[in-house]
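Trainee: I would like the atomic coordinates for the input below:
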Amino acid sequence: MPPRPLTDETLQLIAAVRDALVHCADVEERTMFGWYVFMVDGKMCLGVKGDELLVRLPPSEHDRVAERPGVRTLDAQGKMQGYFCVEPSAYATRAQWQEWVDGALAYNPSAKASARRKPAAKKAPAKAATKTTKKKRHSIFESDL
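Mentor: From the prediction side, this is the model:
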């Protein structure tokens, strides 16, 4: 199923984040877990989903930030300390917006980057098939193993 087109509101928020990061040298944009994410220096920094802003802040400030109005934690189970979803009411003014962006950028240099996945090793070419004509079975089925 193709992804839904982004709303004008979402596109405007993405553009605002992009503008806020224009001075950063290493910014990569990608989609992750339904969010349009901005990676700064290889680390997730900010993101957008609908009209919400994803902000990564120091885990040590998690409880204090989570109590703010218009803010919820990204993970209700508490496993992702420092990741917050910010509703439009909490970034409605330029000062509020700048506080979220500045906070994420200030934390970014000390944030830990997630480990990159290693590319899959290339397999050796398969040996030529023998002349027996066995029916090929797919290996995802337990009976084929």
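
Trainee: how far away is the residue nearest the centre of the chain from residue 107?
Mentor: For the chain, the residue whose C-alpha lies nearest the mean C-alpha position (Cα atoms, centre = their mean) is residue 32; its distance is 4.1 Å. Between residue 32 and residue 107 the computed distance is 18 Å (Cβ to Cβ, to the nearest Å). In short, each C-beta sits where N, CA and C put it, glycine included.

Trainee: residue 84 in helix, strand or coil?
Mentor: Secondary structure assignment for residue 84 (DSSP: H, G, I helix; E, B strand; the rest coil): strand.

Trainee: now do residue 47
Mentor: Residue 47 ends up strand, using three-state DSSP.

Trainee: verify the stated contact: it with residue 34.
Mentor: No. Using Cβ atoms under 8 Å, residue 47 makes no contact with residue 34, being 9.6 Å away.

Trainee: and residue 15, how many neighbours?
Mentor: 11 (other Cβ atoms under 10 Å).

Trainee: related to what we said a few turns ago, next one, pLDDT for the residue nearest to the centre of the chain please.
Mentor: For residue 32, the model assigns a pLDDT of 86.

Trainee: so what's it bridging to?
Mentor: For residue 32, the beta-bridge partners under DSSP bridges are residue 35.

Trainee: check what pLDDT residue 71 gets.
Mentor: pLDDT for residue 71: 93.

Trainee: who's it bridged to?
Mentor: Bridge pairing for residue 71 - DSSP bridges - gives residue 86.

Trainee: low-confidence ranges in the protein?
Mentor: 1-4, 78, 115-145 (pLDDT under 70).

Trainee: which residues in it form helices?
Mentor: Remark: helices assigned in the chain by DSSP state H are 8-20, 62-66, 94-107.

Trainee: which outside residues touch the second one?
Mentor: Helix 62-66 is touched from outside by 57, 71-73, 81-82, 84, with contacts defined as Cβ atoms under 8 Å, 6 or more residues apart in numbering.

Trainee: so what's residue 29 up against?
Mentor: 18, 36-39.
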